[in-house]
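Trainee: this one's structure only:
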């Protein structure tokens, strides 16, 4: 690696204090950190700060000078530990040195190593190892903190406190403070009092009570700081605890957040000046104080799943098309079964009575009897026409128009995959449609569907609310006796409201999607008295494309770029139904079972810009493969078959990652526009 100027070899110093830099060539350094032998900040030895007599956390401004944010005024930056009900701490102005002994201190131009021990708990050692951050060396120092138990016994209720008073230039003693990171497993408390002694056993004493134990943004302006208290539980003999602290600064808030995202900071404070753009843009400088390894959610890690964005649209399209194609194959019974034959018989008998003229009348009567007895498809004029049976479809009434309404409720859960959070979902859709028969064996129609879906991400990760409109053109054709071919094509638009939860912060997003689908099925009926059985095959392609969006909610928002997912399923199955006729009503129970295969798994790479830094998140669909589907239905036809009602329950089986259930109701009737 090339280094500007002369190569400076590390020189280990044994002085009790040291100012270190993030570059071995001081002229090229952007950060400076003044470290004392016990690991607390602020030292006048080797001071480089232009606005103070000591160096704590200094950042080089555009004028080329270092300006410090912890050493002006009070030298209040320090830390403390506690165990077995005993505490110890180190600071200069707020509490001084208590119950700590220095074991060793060494440093170079860019690093420092402090090892200390709790005086009254011999063998409890605390190590602070300061170096420029490998992930963000131009903006952050990284401090590896290790608490080791060499006491020979158990250390109970181990705690660590770090407290600092922000004095952010150029408006020292009047700054805006931000604290973020709740909840974190080890975080016991936080607040804005940077003057409090860093005693882990002391009761938190915030300057502003509203800052105690919560996330807050741009509190101020005031002369205040940030205090964090962590609890790590019991520490057995011979074991240790390790976590990380970050000190740094950047020229803007966006750059500061980017740096925090790069190191995966979980809990942090920002100090910003009381200038025009200080609290909003973080200029001319945003100072950083942060932690990781404390059981929080790393900045830049999204506590959610993106799968519902496309899952909602694909699920709705599948459900709507399934409803339509169930009707077209006779599975819905849509007012198109035995009742229509009865009406036809009445009509033919009436004509026969009125036209009782020789063979014409006899022909009509015979035809009516044949139609009444038929359980399959009878030909007329050389065309194959479905006329009766529990799976029958009457196309005799050419030009007839029928309308229907169908509704369904879907619910289930989508399991976590490889660290991607799972979610529960439920939703409904309602479909209105109208169709017309053509020739003697064809039908075409149009349907409009509206649906709403809701998903809750596990571990309080957030919520997705989706609504969509779907327009579907569909048709059926009976080319052969007892064989029906169906097609359906859909286009829709959806809107998605996203609430992402991170700690106590909620980030809101809004985006739109485009959903398209095409389906084809072939259905064969085999009649035996009133029963109908037979095989069927289906194939459906669905695609959902989601627009990009930017969240609202202050610090920690993300920008999510556009994404899309597609599904291609093919299946074969078997259906069986029977018809039980009363005086005015025909009741048809039915069961369907199929084996389906998903060719796409909906996996995709989503680009997310978080903390100013783009990253790629792999969204795992987890659907690819073989699974089964079972449906049970009960239909009723009345009013001579002009009306029908059908209820259906369906579920998929054999899917490791998805539990899916649906309950549907469909009503269909003939429309008379005379």
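Mentor: Arrived safely. All figures in this text were calculated on a predicted structure; none of them were measured in a lab. Residues are numbered from 1 along each chain as shown.

Trainee: now the strands for the stretch 551-674 of the chain?
Mentor: Using DSSP state E, counting those that start in this stretch, the strands of the stretch 551-674 of the chain run over 558-560, 563-577, 580-581, 585-598, 604-610, 613-619, 625-638, 643-653, 658-671.

Trainee: Which of those has the lowest mean pLDDT?
Mentor: Lowest mean pLDDT within those: strand 613-619, at a mean of 65.

Trainee: Redo the strands of the stretch 551-674 of the chain as CSV? Include mean neighbour count.
Mentor: Yep, even glycine has a C-beta here, placed from its N, CA and C like the rest. Shown next, in CSV, are the strands of the stretch 551-674 of the chain (neighbours: other Cβ atoms under 10 Å):
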stretch, mean neighbour count
strand 558-560, 20
strand 563-577, 19
strand 580-581, 14
strand 585-598, 18
strand 604-610, 17
strand 613-619, 15
strand 625-638, 18
strand 643-653, 18
strand 658-671, 19
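
Trainee: Would you tell me which of these gets closest to residue 60?
Mentor: With Cβ to Cβ as the measure, strand 613-619 is the member of the strands of the stretch 551-674 of the chain nearest residue 60 (22.1 Å).

Trainee: Make a markdown table from the strands of the stretch 551-674 of the chain and add distance to residue 219 to it.
Mentor: Conversion of the strands of the stretch 551-674 of the chain to a markdown table gives the following (distance: least, Cβ to Cβ, whole Å):
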| stretch | distance to residue 219 |
| --- | --- |
| strand 558-560 | 23 |
| strand 563-577 | 36 |
| strand 580-581 | 73 |
| strand 585-598 | 51 |
| strand 604-610 | 23 |
| strand 613-619 | 26 |
| strand 625-638 | 52 |
| strand 643-653 | 51 |
| strand 658-671 | 44 |
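
Trainee: Low-confidence bits of the chain, can you list those?
Mentor: Applying pLDDT under 70 to the chain flags residues 1-15, 300-305, 326-399, 418-419, 503-504, 610-618, 620-622, 672-674.

Trainee: doesn't residue 310 make contact with residue 563?
Mentor: Yes - with contacts counted by Cβ atoms under 8 Å, residue 563 reaches residue 310, the gap being 7.1 Å.

Trainee: Can you tell me, leaving aside adjacent residues, what's nearest to residue 56?
Mentor: Using Cβ to Cβ, 6 or more residues apart in numbering and skipping residues adjacent in sequence, the residue nearest residue 56 is residue 70, 3.2 Å away.

Trainee: What about that neighbour, how many residues nearby?
Mentor: Neighbour count of residue 70, defined by other Cβ atoms under 10 Å: 31.

Trainee: How about residue 286?
Mentor: Residue 286 has 30 neighbouring residues, counting by other Cβ under 10 Å.

Trainee: Repeat that for residue 185.
Mentor: 12.

Trainee: Looking at the protein, which helix is longest?
Mentor: Using DSSP state H, we find that the single longest helix of the chain is helix 307-328.

Trainee: Any idea what residue 604 is bridged to?
Mentor: residue 619 (DSSP bridges).

Trainee: right, and it touches residue 562 too?
Mentor: No - judged on Cβ under 8 Å, residue 604 makes no contact with residue 562 at a distance of 10.5 Å.

Trainee: Tell me which of the strands of the stretch 551-674 of the chain sits nearest to residue 403.
Mentor: Closest to residue 403 of the strands of the stretch 551-674 of the chain, according to Cβ to Cβ: strand 658-671, at 5.0 Å.

Trainee: Counting by contacts, list what the closest one packs against.
Mentor: Contact analysis of strand 658-671 by 3 or more Cβ pairs under 8 Å, 6 or more residues apart in numbering; DSSP states H and E lists helix 307-328, strand 401-414, strand 643-653 as its packing neighbours.

Trainee: neighbouring strands for the last one, and are they parallel or not?
Mentor: Counting by DSSP bridges, the strands paired with strand 643-653 are strand 625-638 (antiparallel), strand 658-671 (antiparallel).

Trainee: I'd like the ones you listed laid out as CSV, including distance to residue 109.
Mentor: Shown next, in CSV, are the strands paired with strand 643-653 (distance: least, Cβ to Cβ, whole Å):
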stretch, distance to residue 109
strand 625-638, 58
strand 658-671, 57
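
Trainee: So which of the ones you listed is nearest residue 321?
Mentor: Closest to residue 321 of the strands paired with strand 643-653 is strand 658-671 (Cβ to Cβ; 12.6 Å).

Trainee: ok now the closest one, how far from the chain's centre?
Mentor: The chain centre lies 28 Å from the centre of strand 658-671; the measure is Cα atoms, centre = their mean, to the nearest Å.

Trainee: same check, this time on stretch 120-132
Mentor: Relative to the centre of its chain, stretch 120-132 is centred 40 Å away, using Cα atoms, centre = their mean.

Trainee: Then stretch 563-575?
Mentor: Taking Cα atoms, centre = their mean, the mean C-alpha location of stretch 563-575 is offset from the chain mean by 23 Å.

Trainee: quick one: contacts for residue 237?
Mentor: Neighbouring residues of residue 237 by Cβ atoms under 8 Å, 6 or more residues apart in numbering: 149-154.

Trainee: Tell me the secondary structure at it.
Mentor: coil (DSSP: H, G, I helix; E, B strand; the rest coil).

Trainee: Quick check: it vs residue 256, distance?
Mentor: According to Cβ to Cβ, to the nearest Å, residue 237 and residue 256 sit 40 Å apart.

Trainee: Repeat that for residue 51.
Mentor: Taken as Cβ to Cβ, the span from residue 51 to residue 256 is 19 Å.

Trainee: Could you check which of those two has the larger neighbour count?
Mentor: residue 256 (30 against 17).

Trainee: Return the distance of whichever helix or strand that one is part of from the chain's centre.
Mentor: In the assignment (DSSP states H and E), residue 256 maps to helix 253-263. Chain-centre distance of helix 253-263: 22 Å, with Cα atoms, centre = their mean.

Trainee: next helix or strand past it?
Mentor: The helix or strand immediately downstream of helix 253-263 is strand 267-273, counting by DSSP H and E.

Trainee: For that next one, buried residues please.
Mentor: Residues 267-273 are the ones in strand 267-273 that count as buried (16 or more other Cβ atoms under 10 Å).

Trainee: wait, what's in contact with residue 288?
Mentor: 139-140, 246-250, 256, 259-260, 268-270.

Trainee: Next, count neighbours for residue 19.
Mentor: Residue 19 is flanked by 24 other residues according to other Cβ under 10 Å.

Trainee: Out of the strands of the stretch 551-674 of the chain, the one nearest residue 177 is which?
Mentor: Distance to residue 177, taken as Cβ to Cβ, is lowest for strand 604-610 among those, at 22.1 Å.

Trainee: Now do that closest one and helix 253-263, the angle between them.
Mentor: Relative orientation of strand 604-610 versus helix 253-263 (axes from the mean of the first three to the mean of the last three Cα atoms, to 10 degrees): 130 degrees.

Trainee: Point out the other helices and strands that strand 604-610 packs with.
Mentor: Judged by 3+ Cβ pairs under 8 Å, 6+ apart, strand 604-610 is in contact with strand 558-560, strand 563-577, strand 613-619.

Trainee: starting at the chain centroid, how far to that strand?
Mentor: With Cα atoms, centre = their mean as the basis, strand 604-610 stands 12 Å off its chain's centre.

Trainee: same thing with stretch 484-494?
Mentor: 28 Å.

Trainee: ok, and for it, which residues are buried?
Mentor: 484-490, 492, 494.

Trainee: For the nearest residue to residue 135 once chain neighbours are set aside, the count of nearby residues, please.
Mentor: In space, and not counting its chain neighbours, residue 135 is closest to residue 262: 4.3 Å by Cβ to Cβ, 6+ apart. Residue 262 has 20 neighbours, counted by other Cβ under 10 Å.

Trainee: hang on, residue 262 packs against residue 134?
Mentor: No - look at residue 262 against residue 134 with Cβ under 8 Å: they stay out of range, at 9.5 Å.

Trainee: circling back: how about the helices and strands packed on strand 604-610 in CSV, adding distance to residue 470?
Mentor: Converted to CSV, the helices and strands packed on strand 604-610 look like this (distance: least, Cβ to Cβ, whole Å):
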stretch, distance to residue 470
strand 558-560, 24
strand 563-577, 15
strand 613-619, 23
